[in-house]
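*Asks:* here is my input; please provide its structure:
(chains A and B)
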Amino acid sequence: AQSVTQLGSHVSVSEGALVLLRCNYSSSVPPYLFWYVQYPNQGLQLLLKYTTGATLVKGINGFEAEFKKSETSFHLTKPSAHMSDAAEYFCAVISTTGGYQKVTFGTGTKLQVIP
Amino acid sequence: DAGVIQSPRHEVTEMGQEVTLRCKPISGHDYLFWYRQTMMRGLELLIYFNNNVPIDDSGMPEDRFSAKMPNASFSTLKIQPSEPRDSAVYFCASSFRGTGGNTIYFGEGSWLTVV
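*Replies:* Numbers count the residues shown, from 1 in each chain, chains lettered A, B, ... in the order given. Coordinates of the predicted model:
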């Protein structure tokens, strides 16, 4: 079975502070890992993804995530939060099972940035 | 590319009426997904297609919901009859299962209100 767990449905940080959003996954086959961001009243857009190769991946708006296979984690970080980072963030796992790709999204984490 | 195009963007309808949501995926993509998002239930996968064939419709809530994909460039999600609890944002998304990591691209969503 494939699953994604995002710890904390709401996270608050001060402007300028470190952002850390947690994502753990389970998959019986090597997965592709993604982070998406959803701003109010918009669709989801890709922040970054891990497929193969370097385990530290960089995305848009200064975000990065590190794939740690031993911990089955793909946490999202940003050194310094900006007010514009306030949004909902979704972690996702995609794997190929039975010849088809299987997609699982986490339940999302809403990030609040306090001025 | 224009991205995933959904219509209508907003719809308000009365209970019992038929609702049809439309989606044009990104050209060349072979997967199409329909998601529903509500405050209470978060992001739910309703159904997905591969090469126009429905692969998994286990997320479709009940028989009032149906989805079709008559060709590679068009899909519909129909609700008949609609109920107030169907009020939600419905997202269509598409992807290409290639070597680039299967990124899923979302449309802007169809905001449905059933009164």
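
*Asks:* can you pull the residues of chain A lying near chain B?
*Replies:* Within chain A, the residues that sit near chain B (CB under 8 Å from any CB of the partner chain) are A:32, A:34, A:36, A:42-46, A:49-51, A:90, A:92, A:94, A:96, A:100-101, A:103, A:105, A:107-108. C-beta: built from backbone N, CA, C; applies to glycine.

*Asks:* beta partners of the residue nearest to the spatial centre of chain B?
*Replies:* Centroid check for chain B by CA atoms, centre = their mean gives residue B:34 as the closest residue, at 3.0 Å. Beta-bridge partners of residue B:34, counted by DSSP bridges, are residue B:47, residue B:92.

*Asks:* check the gap between it and residue B:22 for me.
*Replies:* Look at residue B:34 and residue B:22: by CB to CB, to the nearest Å, they are 11 Å apart.

*Asks:* swap in residue A:6?
*Replies:* Between residue A:6 and residue B:22 the computed distance is 31 Å (CB to CB).

*Asks:* okay, these two: which has more neighbours?
*Replies:* Comparing residue A:6 with residue B:22 by other CB atoms under 10 Å in any protein chain shown, the one with more neighbours is residue A:6, at 21 against 15.

*Asks:* what residues does chain B have near chain A?
*Replies:* Near chain A, when you scan chain B using CB under 8 Å from any CB, you find B:4, B:31, B:33, B:42-43, B:45, B:48, B:50, B:55, B:91, B:93, B:95, B:97, B:100-109.

*Asks:* keep only those of the residues you listed that are in strands.
*Replies:* B:31, B:33, B:42-43, B:45, B:48, B:50, B:55, B:91, B:93, B:95, B:104-106 (DSSP state E).
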